[in-house]
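Chemist: Generate a structure from the sequence data that follows.
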Amino acid sequence: MAIYAVPGARKRDAVDEIGIDIRPVQGPPIHSKGWGDVLLYYWAQQVDFLDASGISVGAGHIGIQAYDNDDLPDDQRTVVNWGCYDNSVSGTFRSTNVLTPDAFIDINSPVSMGMAWEYGEWLRFRVFKSPKQDWLALEIKPGDNQVPPYVDTDQQADEVAFRCTIENVTRGRPPVEFHDVLVKSPRASKPIGDGQFWTEPIQQAAWPGDIDSDWPRDPICDFREWIFDGCGMAQTITTLYSGTSANCDTTVVSGSPGYVRQAGNVTRTNPDSTVLAVPTGYWDVHQPNVTPAITDVAARVPTPRPWF
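Modeler: This next block holds a predicted model:
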């Protein structure tokens, strides 16, 4: 089961930069372990990559997870994610080493790392072409399904690195550079598409309930500042629901800020395929697009773990 929201009436179909602000409102108890009923909740945005013909060469996602993972501290079960689907045909999606190691906790995943966040805080994600395009083999994680020459080699001529940054807007922290992923054969201009965002639960194996008809822990998450080469790129949001239950809903809330809310275990008011107007205040704290000034040698603020 999942709750999806698809931005519509867009000014263009593909861009050079994509991103979103995510605010988890409630969910599992992130300061204790042993939830029992749900392994994780995933709040994320889709990121597709296009080739010169406009054909997808694969996709990935950015977002956060409330995750009952034993590699995390018992009192901080929170994760951030920037990962892509790995295959041997179209996309390489090898990922690089983490760029700001002291900001994250290693959970033995190539695409997810522990990072402290709290319910009620806005986390800003941005993805764009990386300023570094000469990654060496020793800096690259190999991926799961690669064939030569995309195994234990330097960045190949047809691979392009894309970077993700994460910023705690609520706490006024500067963006933290996460890591790069290497994408095979994306086009040079406006290679990024899609941009839908969603809420998705993953069930604990031992839990006897049905995840397709139940939303444990009553998750609520808000989304805003949907960036597609700048603000104001979409005028509508279309609701989509995957699964058999009607006990979840997508709504829009105008204000300062305005946002799109996805909530589980509530009565649905907006059926599947409902077209909602983007709410007033959706972009009222808009930040400029990422610029080439973000580089690997840029000065960084010391960030003890957890980074804030």
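
Chemist: so residue 95 makes contact with residue 144?
Modeler: No - Residue 95 is beyond contact range of residue 144, at 10.9 Å (criterion: C-beta atoms under 8 Å). Where you see a C-beta, it was placed from the backbone N, CA and C, and this is true even at glycine.

Chemist: Which of those two has more residues huddled nearby?
Modeler: residue 95 (25 against 12; other C-beta atoms under 10 Å).

Chemist: so where does the more buried one fall, helix or strand?
Modeler: Assigned by DSSP states H and E, residue 95 belongs to strand 94-96.

Chemist: ok, the very next helix or strand once past that strand: who's next to it in the sheet?
Modeler: Toward the C-terminus, strand 94-96 is succeeded by strand 105-106 as the next helix or strand (DSSP H and E). On the basis of DSSP bridges, the sheet neighbours of strand 105-106 come out as strand 112-114 (antiparallel).

Chemist: Pull the residues that contact the strand it pairs with.
Modeler: 65, 67, 69, 71-73, 76, 78-81, 83, 98, 104-107, 178 (C-beta atoms under 8 Å, 6 or more residues apart in numbering).

Chemist: after that strand comes which helix or strand?
Modeler: Downstream of strand 112-114 (by DSSP H and E), the next one is strand 123-129.

Chemist: List the residues that contact the residue nearest to residue 231 when sequence neighbours are not counted.
Modeler: Leaving aside its chain neighbours, residue 231 sits nearest to residue 283 (3.9 Å; criterion: C-beta to C-beta, 6 or more residues apart in numbering). Taking C-beta under 8 Å, 6+ apart, we find residue 283 in contact with 224, 225, 231, 232.

Chemist: Quickly note the distance from the last one to residue 48.
Modeler: This points to residue 232. Separation of residue 232 from residue 48 (C-beta to C-beta, to the nearest Å): 21 Å.

Chemist: The second one too?
Modeler: Between residue 225 and residue 48 the distance is 19 Å, computed by C-beta to C-beta.

Chemist: Those two: who's more crowded?
Modeler: residue 225 (23 against 20).

Chemist: helix/strand/coil for the more buried one?
Modeler: With DSSP: H, G, I helix; E, B strand; the rest coil as the basis, residue 225 sits in strand.

Chemist: Read off the pLDDT value for it.
Modeler: Note on residue 225: pLDDT of 92.
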